[in-house]
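*Asks:* With the input below, show me the fold.
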Amino acid sequence: MPVALLTLFLAAATAVGIWLSWRQSRHVRSRRGAVPADFAGAVGLADHAKAADYTVAKQKLAILTALWSLAVTLAWLFFGITALHRLLGAFLVSPVLAGTGLILAMTVISGVVDIPVDLAKTFGVEAKFGFNRISPRLFAMDWAKGMALNLLVSAPLIFGLLWLIGAMSGLWWLWAWAGFLVFTGVLMAVYPIWIAPIFNKFKPLPEGEVKSRVEGLLARAGYRAGGLFVMDGSKRSSHGNAYFTGFGRTKRIVFFDTLLERLSPDETEAVLAHELGHFRHHDTIRSLVRLAGVSLVVFFWLGVAVKQPWFTDWIGLPHADAAAIIVAMICIGPVGLIFAPLTNWLSWQAEWRADSYAAALTGGTSHLASALIKLSRDSASTLTPDPLFARFHYSHPPLPLRLARLRTAAAAP
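*Replies:* This is a model prediction of the structure:
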């Protein structure tokens, strides 16, 4: 019975995800033939239709990916974990080493299994709509670098976690949670200096109007950055973005080169002002507090599950700490779908606050609105998403809602 319940739980979560993707495709496709009235002067019908087709293509791939992921997960549960555990246990006597090897081996195999999905997305959907710029060679290099970095970082963390489980009392999970928070803080600090340059090149923002505008904006906002950089995002994709990264003295502001190519200095300033809005309203700290709370619940769940012999016996797996951790994480994975509307709602509130701050800091809403429209049009983001799908999958409010809020703010006395 437990096996059937677990399978049903995973299948139900997959079915909900597929249903949401189907809703999104149907909703967007039915509105493909007409640009929403609020965008009639800014987005052409051809661009609107392209965005609809791009959205539908992504959802088709998302449905196939969901089915593929479910099949792979069930394969791991019903024979993959057991087979790997027995293989590694034959020559790794230490349970901690065997468990570390089990999780790392699953990481590599899962990465290989997911390659067809990544290829279909990058060289299928993204290439079809003109967004992909990555070569097969660079794709392979990125995969290899990412996997090597993952294993290099994960190995000592997994080993330490499994050692802690065996050495500590029932509160091992609390110590593991504290270690996770420390690791997260360290990772935020070192990412822009050591990790990001492995994949991209970063050059100082060149002298000129954009840099002068940015420096003046930072001074008005009271934000001290450790550097202003331009990233070569164009070598992989034509999508544009800008982001803040780092922690403490390693704080940086990074612009994609594709973003600087598309936006005027006024629009670039408005986009940066929005990001500064997150700083002004302490959204990073809010996110870290939420992460601390969620991760505490997850580690508590691991503490309950790992020490119960029946937790892996019920699906025919050997009782081992590593196997129990894997099964526990598989069980908790679909729970994220349940809470997605809440987490996205919190994110939407943060985005609206940042938009309002940007409008106040730059003296109006027009430049931010035009920047958002350009980025949406050039990225083929649909202007007519299914409202329910957006609540589950959009970390940012759909553009029509953002612009409506901006118009309301501009009209307020």
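
*Asks:* can you list contacts of the helix or strand of the chain with the lowest mean pLDDT?
*Replies:* Here the helix or strand of the chain ranked lowest by mean pLDDT, DSSP states H and E is helix 310-313, holding a mean of 78. Helix 310-313 is contacted by residues Ala305, Pro318, His319, Ala320, Ala323, Ala324, Val327, Ala328 when judged by Cβ atoms under 8 Å, 6 or more residues apart in numbering. All C-beta spots, glycine's among them, are computed from the backbone N, C-alpha and C.

*Asks:* Show the residue spans covered by the helices in the stretch 251-400 of the chain.
*Replies:* With DSSP state H, counting those that start in this stretch, the ranges of helices along the stretch 251-400 of the chain come out as 257-262, 265-280, 283-306, 310-313, 321-332, 335-362, 366-378, 387-393, 399-411.

*Asks:* Show me what the longest one is packed against.
*Replies:* Identification of packing neighbours for helix 335-362 by 3 or more Cβ pairs under 8 Å, 6 or more residues apart in numbering; DSSP states H and E yields helix 2-30, helix 209-221, helix 265-280, helix 283-306, helix 366-378, helix 387-393, helix 399-411.

*Asks:* for these, which one ends up most surrounded?
*Replies:* helix 265-280 (a mean of 22; mean count of other Cβ atoms under 10 Å).

*Asks:* Show me how far that helix is from its chain's centre.
*Replies:* Chain-centre distance of helix 265-280: 21 Å, with Cα atoms, centre = their mean, to the nearest Å.

*Asks:* what's the answer for stretch 210-217, then?
*Replies:* 29 Å.

*Asks:* For that stretch, give the mean pLDDT please.
*Replies:* What stretch 210-217 shows for mean pLDDT is 91.

*Asks:* Next up, the contacts around Phe129.
*Replies:* Phe129 neighbours (Cβ under 8 Å, 6+ apart): Lys50, Asp53, Tyr54, Ala57, Ala380.

*Asks:* let's see 6 Å
*Replies:* Contact partners of Phe129, counting by Cβ atoms under 6 Å, 6 or more residues apart in numbering, are Tyr54.

*Asks:* Phi and psi next, for it.
*Replies:* Main-chain dihedrals, Phe129, degrees, to the nearest 10: phi -100, psi 10.

*Asks:* among the contacts of helix 310-313, which ones are buried?
*Replies:* Ala305, Ala320, Ala323, Ala324, Val327, Ala328 (16 or more other Cβ atoms under 10 Å).

*Asks:* If I look at the second one, what pLDDT would I see?
*Replies:* Meaning Ala320. pLDDT, read off for Ala320, is 83.

*Asks:* so how far is Leu5 from it?
*Replies:* 22 Å (Cβ to Cβ, to the nearest Å).

*Asks:* One more: the fifth one?
*Replies:* Going from Val327 to Leu5 by Cβ to Cβ gives 13 Å.

*Asks:* worst average pLDDT in the helices of the stretch 251-400 of the chain?
*Replies:* helix 310-313 - the lowest mean pLDDT of those, at a mean of 78.

*Asks:* Just the buried residues of that helix, please?
*Replies:* In helix 310-313, counting by 16+ other Cβ under 10 Å, buried: Phe311, Thr312.

*Asks:* do the same with stretch 188-206
*Replies:* Here stretch 188-206 shows Met188, Ala189, Tyr191, Pro192, Ala196, Phe199, Leu205 as buried, counting by 16+ other Cβ under 10 Å.

*Asks:* State the helix or strand in which the fifth one lies.
*Replies:* Secondary structure assignment for Ala196, by DSSP states H and E: helix 196-199.

*Asks:* what do you get for the second one?
*Replies:* Taking DSSP H and E as the definition, Ala189 sits inside helix 172-190.

*Asks:* Tell me which other helices or strands that helix touches.
*Replies:* helix 136-167, helix 283-306 (3 or more Cβ pairs under 6 Å, 6 or more residues apart in numbering; DSSP states H and E).
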